[in-house]
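**Q** Sequence first, predicted model second:
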Amino acid sequence: MPLDEPAALAEGSSRLPNLEFALTGSTADFLTQASPDLLSKARAFEQWESTRLAHGLLPFGRSLQSPPQAHTTLREQDGRDLSGLNFSSQDYLSLSSHPAVQEAARETLGRFGVHSAGSCVLAGNVGDGLALEQALAEFLGLPQVLLFPTGWAAGFGVIKGLVRPDDHVVIDVLAHNCLQEGARAATRHVHLHRHLDVAHARRLLARIRRSDSRNGILLVSEGCFSMDADSPDLAALQALAHEFQALLVVDVAHDLGALGPGGQGQIGLQGLQGQIDVVIGAFSKTFASNGGFVAGRSRALKEYLRYYAATATFSNALSPLQIAVIHQSLKIVRSVEGEWRREQLMQTVQALRLALTQQGLTVLGQASPIVPVLLGEERWARLAVREMGQRHLLANLVEFPAVPRHSARLRMQAMSSHTPAQGRQAAATVAQALADVRPLAAQTPSVA
Ligand SMILES: Cc1ncc(COP(=O)(O)O)c(C=O)c1O
């Protein structure tokens, strides 16, 4: 545990960066130490983080030096550049570099400038934003849509806005941070159900309703889980919500636009367009922009959230440029070209998943732009991802507490600009990197 290493933590210590220190611990270790000095935990964290950086074991906080395309360059926090095959960006249909999307941004720049200067409850809406809400409503088959400044803000704001302290949230244990944080901020009555386990969710709902018929229940899940690339049975969840007088919210950040017929995501794949109570999403994956939304059937839901979802009410509305990018991206998502881009994406995903599996690796979930490769122990995963970078493969490491302990993973994200050959090349690099760090396992017994 990093905090048990006083020498390594001592301010100004001249000790050489300690490899063991960099291979162990997690961000969760720096959350709860009591101290009258609020920054003491930040200093402890910074020491651990810089030790990891010094060993090349910190694949976080990197910055793009070129667009998020199939090849790119990432700059580490210490200024070193890593260039290579890029499976670390989430521009799933590669629309950020699409000429029509860029032209839409330029055209809007001329008409509106760059900024909306107000929240959506004041004067921050622009006419184009209202047109985007209508286009999304038609796309989703849900007539009422409200835009949010980010996808995170949509998830947090919708839950915190709807749920009172006496209400309940029943939520998949692996749901995204914005949903978990929103639930915890709203109520003490947060009930975690086992991942994708509808029967467990049912038991929780039944137990709540046995003792509480007065308060509301929000049932929360995702279309495609961002760490596991798997999906719940949405029809079963919606039926549960009806049975127990709960409201279902599904976050479709990763699948909307990138998967399913017409880009309808998991909701479309499961034949449920327009049938989920409340849908929230993010534009930052497939729609080439920051931003998020909530969609539902009633105007009451939309208007209530405009005033009671603090992340919309008290935050600046999307800029006209972001709106133009999202709207043009939506047009492409819905077009024949969109189908073609999804097909390209899926070919790479299938090739990558197959090649990784043939290398004997465990690939989680189902075919989606997210391809999670289970690595296991955190120390092993950190060494492996460093080796991949040296072999010019860029992919994200995800470790505890974002995923359970000892189940660190490589989260590869495919885009339509990748080719299946690049998928196979990436899989070979992953396997070579793992083989290369294996000798370390002999030297360090706790390396798997
Ligand atoms: C399920 C889910 N919801 C919301 C978000 C946040 O979206 P944004 O990054 O656009 O704020 C993410 C981000 O990865 C996500 O995975």
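**A** Perfect, thanks for sending it.

**Q** residues contacting the residue of the chain found nearest the ligand?
**A** Using C-beta to the nearest ligand atom, the closest approach of the chain to the ligand is made by G151 at 2.5 Å. Any C-beta I mention is one placed from the backbone N, CA and C, and that applies to glycine too. G151 makes contact with C178, A253, I280, G281, A282, F283, S284, N290, G291, G292 under the criterion C-beta atoms under 8 Å, 6 or more residues apart in numbering.

**Q** what about the strands in this structure?
**A** 63-64, 71-75, 81-87, 144-148, 168-172, 190-193, 217-222, 247-251, 278-282, 292-296, 362-363, 370-376, 393-398, 408-413 (DSSP state E).

**Q** Turn those strands into CSV, including mean neighbour count, mean pLDDT and distance to Q270.
**A** Formatted as CSV, these follow (neighbours: other C-beta atoms under 10 Å; pLDDT from 0 to 100; distance: least, C-beta to C-beta, whole Å):
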stretch, mean neighbour count, mean pLDDT, distance to Q270
strand 63-64, 12, 96, 34
strand 71-75, 17, 97, 34
strand 81-87, 20, 97, 27
strand 144-148, 24, 98, 21
strand 168-172, 25, 98, 16
strand 190-193, 20, 98, 19
strand 217-222, 27, 98, 12
strand 247-251, 25, 98, 10
strand 278-282, 28, 98, 13
strand 292-296, 26, 98, 16
strand 362-363, 18, 98, 22
strand 370-376, 22, 97, 18
strand 393-398, 22, 98, 26
strand 408-413, 26, 98, 22
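
**Q** could you dump these to TSV with distance to the ligand?
**A** Shown next, in TSV, are the strands of the chain (distance: least, C-beta to the nearest ligand atom, whole Å):
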stretch	distance to the ligand
strand 63-64	15
strand 71-75	18
strand 81-87	16
strand 144-148	9
strand 168-172	11
strand 190-193	16
strand 217-222	5
strand 247-251	4
strand 278-282	3
strand 292-296	6
strand 362-363	19
strand 370-376	9
strand 393-398	11
strand 408-413	10
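
**Q** Just the pLDDT for Q65.
**A** According to the per-residue confidence, Q65 scores 96 in pLDDT.

**Q** Let me know whether it touches L82 as I believe.
**A** No - under the criterion of C-beta atoms under 8 Å, Q65 is not in contact with L82, lying 9.5 Å apart.

**Q** who touches both of these two?
**A** Shared contacts of Q65 and L82, defined by C-beta under 8 Å, 6+ apart, are found at T73, L74, R75.

**Q** Between those, which sits nearest S213?
**A** L74 (53.2 Å; C-beta to C-beta).

**Q** Nearest residue to the closest one in space, please, no chain neighbours.
**A** In this structure, L74 finds its nearest non-sequential neighbour in R62, 4.2 Å apart by C-beta to C-beta, 6 or more residues apart in numbering.

**Q** For the one you found, grab the count of nearby residues.
**A** 19 (other C-beta atoms under 10 Å).

**Q** Could I get the contacting residues of it?
**A** With contacts taken as C-beta under 8 Å, 6+ apart, R62 has the following neighbours: L74, R75, E76, Q77, L82.

**Q** The third one contacts R52, doesn't it?
**A** Think E76. No - taking contacts as C-beta under 8 Å, E76 lies outside contact range of R52: 10.9 Å.

**Q** ok, back up a step: out of the strands of the chain, nearest to T27?
**A** strand 393-398 (11.8 Å).

**Q** Other residues contacting the closest one?
**A** For strand 393-398, contacts defined as C-beta under 8 Å, 6+ apart pick out 59-60, 72, 74, 82, 84-88, 227, 372, 381-382, 385, 388, 408-413, 426, 429-430, 433.

**Q** Neighbouring strands of that strand in the sheet, and parallel or not?
**A** strand 81-87 (parallel), strand 408-413 (antiparallel) (DSSP bridges).

**Q** Export these as CSV, with columns for distance to A42.
**A** Shown next, in CSV, are the strands paired with strand 393-398 (distance: least, C-beta to C-beta, whole Å):
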stretch, distance to A42
strand 81-87, 27
strand 408-413, 24
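
**Q** For S213, which of those is the nearest?
**A** strand 408-413 (41.6 Å).

**Q** Distance of P404 relative to G376?
**A** Applying C-beta to C-beta, to the nearest Å, the value for P404 to G376 is 11 Å.

**Q** cool, R52 as well?
**A** According to C-beta to C-beta, R52 stands 18 Å off from G376.

**Q** do P420 as well
**A** In this structure, P420 and G376 are 27 Å apart, going by C-beta to C-beta.

**Q** Okay, now the unreliable bits of the protein?
**A** Along the chain, the parts satisfying pLDDT under 70 run over 1-17, 441-448.

**Q** So which bits of it are right by the ligand?
**A** Contact residues, the chain versus the ligand (C-beta under 6 Å from any ligand atom): 150-152, 155, 176, 178, 222, 226, 251, 253-254, 282, 284, 292.

**Q** now do 8 Å
**A** Contact residues (C-beta under 8 Å from any ligand atom) of the chain with the ligand: 90, 150-155, 175-179, 222, 225-226, 251, 253-254, 280-285, 290-292.

**Q** Spit out the contact partners of the spatially most central residue of the chain.
**A** Nearest to the geometric centre of the chain sits S226, at 5.2 Å (C-alpha atoms, centre = their mean). Listed by C-beta under 8 Å, 6+ apart, the contact partners of S226 are H176, A253, H254, I370, R411.

**Q** Was I right to think the third one contacts G223?
**A** Yes - counting by C-beta under 8 Å, a contact exists between H254 and G223, whose distance comes to 6.9 Å.

**Q** Many thanks, we can stop here.
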